[in-house]
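**Q** heads up, no residue letters with this:
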């Protein structure tokens, strides 16, 4: 038996050897040898550290600055090589806070150069002083005061400087001699800067700065605001809140209202207005007098959700108030005055039903009586006898000044009469400029 087993093991060994050399791979897994041990990984050498740029500091315009420098002196910098050297260094100057550029008197630096430097280091302060139309300035100037300074290049010099004056908030060019069109181009080019200048409008001596909050020009009669051209300068007055253009008897357009989004009070009287569509651009309107206007519809008024007081007396072409009848139209209205007999009674009743808090009057054709005065018989023009709404209007426009100092005439404007360099203020400025 033992001999038999030895012979059997010998035959099995011979059989395995034959398989390994004679092409029977499918049987190999049954007789595979134990896996060999995984070799140890080859160590990866640690790379040498890359040298930090400007680790030894900065060399600019012949001066050496340590790597932690907080200020560079680049006075008079002009060459492309020096500019590029700074632009390469700026990202690595982690502590840099201030760059001295000197002044335009001894070592002028071009605006293009300053712009390139500022773009390379947007969080760094740049110090540079210069002259603009004879007035000393720095890059830190916040209020550029060029009032009554002759500007003969249509503002080209200030347009070149403004992109580098990062802290500028106001450019005042009242009576600088630059026309409205060029001033508007400057304003549009720098929307984050308040650009102010003076406009003259109507055929009279009406004048105001473009930042006027209140404009009163109701002494015109048959002159004044008569056509598109005479009204055009008002389009530049984009901050107006209170506007009285009453008694401009031949006024035919309200197109300037498109540019007055902050308007709250609007008054006109006896004119040739065939439509008042442009009122729709003034979403903040709350007090509107259209007495004696010639319009045929009030569709635009239906869009005025802040409106509280509406005077439509004397508007004899108007015979339909249906646009404002629904309760969701003019929802805040408190007073509505209509012409006698012009509006169908059923429309008046429907309006009253949908606006129960509104006082409706269609018994007189004037802007007096209950519209302005508490006592309709003895219309004493005293503060006590004025209705609350009219009392506010009088206080805003300062009606009744004997010398017309409340009107928007240039002679009444301290900005117009005060010499350049003198401070401007006082009650009159607060009346019209807020």
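**A** Done, it's in. Treat the numbers as computed from the prediction; the structure is a model and nothing was measured. Residues are numbered from 1 along each chain as shown.
**Q** Tell me the spacing between residue 333 and residue 351.
**A** Between residue 333 and residue 351 the distance is 9 Å, computed by C-beta to C-beta, to the nearest Å. Backbone N, C-alpha and C define where each C-beta goes, glycine included.
**Q** so what sits against both of those two?
**A** 324, 358 (C-beta atoms under 8 Å, 6 or more residues apart in numbering).
**Q** Touching stretch 354-363 from outside, list them.
**A** For stretch 354-363, using C-beta under 8 Å, 6+ apart, the contacting residues are 325-327, 330, 333-341, 343, 348, 351-352, 370-371.
**Q** ok, residue 132 to residue 139 distance?
**A** In terms of C-beta to C-beta, residue 132 sits 11 Å off from residue 139.
**Q** ditto for residue 320
**A** 60 Å.
**Q** So residue 178, which state does it fall into?
**A** What DSSP: H, G, I helix; E, B strand; the rest coil gives for residue 178 is coil.
**Q** Kindly report the same for residue 129.
**A** strand.
**Q** okay, the residue lying closest to it once chain neighbours are set aside: pLDDT?
**A** Excluding the flanking residues, the one nearest residue 129 by C-beta to C-beta, 6 or more residues apart in numbering is residue 103, at 4.3 Å. At residue 103, the pLDDT value in this model is 97.
**Q** In contact with residue 103, which residues?
**A** By C-beta under 8 Å, 6+ apart, the contact set of residue 103 is 128-130.
**Q** same check, this time on residue 190
**A** Here residue 190 is in contact with 162, 171 (criterion: C-beta under 8 Å, 6+ apart).
**Q** In terms of neighbours, single out the busier of residue 320 and residue 139.
**A** residue 139 (19 against 14; other C-beta atoms under 10 Å).
**Q** ok so, going back, only the buried subset of the contacts of stretch 354-363, as a ChimeraX command please.
**A** Command for ChimeraX that selects the buried part of the contacts of stretch 354-363, burial taken from 16 or more other C-beta atoms under 10 Å:
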select :325,330,333,334,335,336,337,338,339,343,348,351,370,371
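**Q** Filter the contacts of stretch 354-363 down to just the ones in helices.
**A** 348, 351-352 (DSSP state H).
**Q** and which of those residues is nearest residue 195?
**A** residue 351 (44.0 Å; C-beta to C-beta).
**Q** Leaving out sequence neighbours, find the closest residue to that closest one.
**A** residue 325 (5.0 Å).
**Q** Touching, that neighbour and residue 347? I think so.
**A** Yes: counting by C-beta atoms under 8 Å, residue 325 does reach residue 347; the two are 6.4 Å apart.
**Q** Residue 87: which of the ones in helices among the contacts of stretch 354-363 is nearest?
**A** Nearest to residue 87 among these, with distances taken as C-beta to C-beta, is residue 351, at 68.9 Å.
**Q** The closest one contacts residue 321, correct?
**A** Yes: using C-beta under 8 Å, residue 351 is in contact with residue 321, at 6.3 Å.
**Q** Find the residues that touch each one of those two.
**A** Common neighbours of residue 351 and residue 321 (C-beta under 8 Å, 6+ apart) do not exist.
**Q** residues touching the nearest residue to residue 225 once chain neighbours are set aside, list them.
**A** Spatial nearest neighbour of residue 225, chain neighbours left out: residue 248 (4.1 Å); criterion: C-beta to C-beta, 6+ apart. Contact analysis of residue 248 by C-beta under 8 Å, 6+ apart lists 202, 217-218, 220, 224-226, 268, 271.
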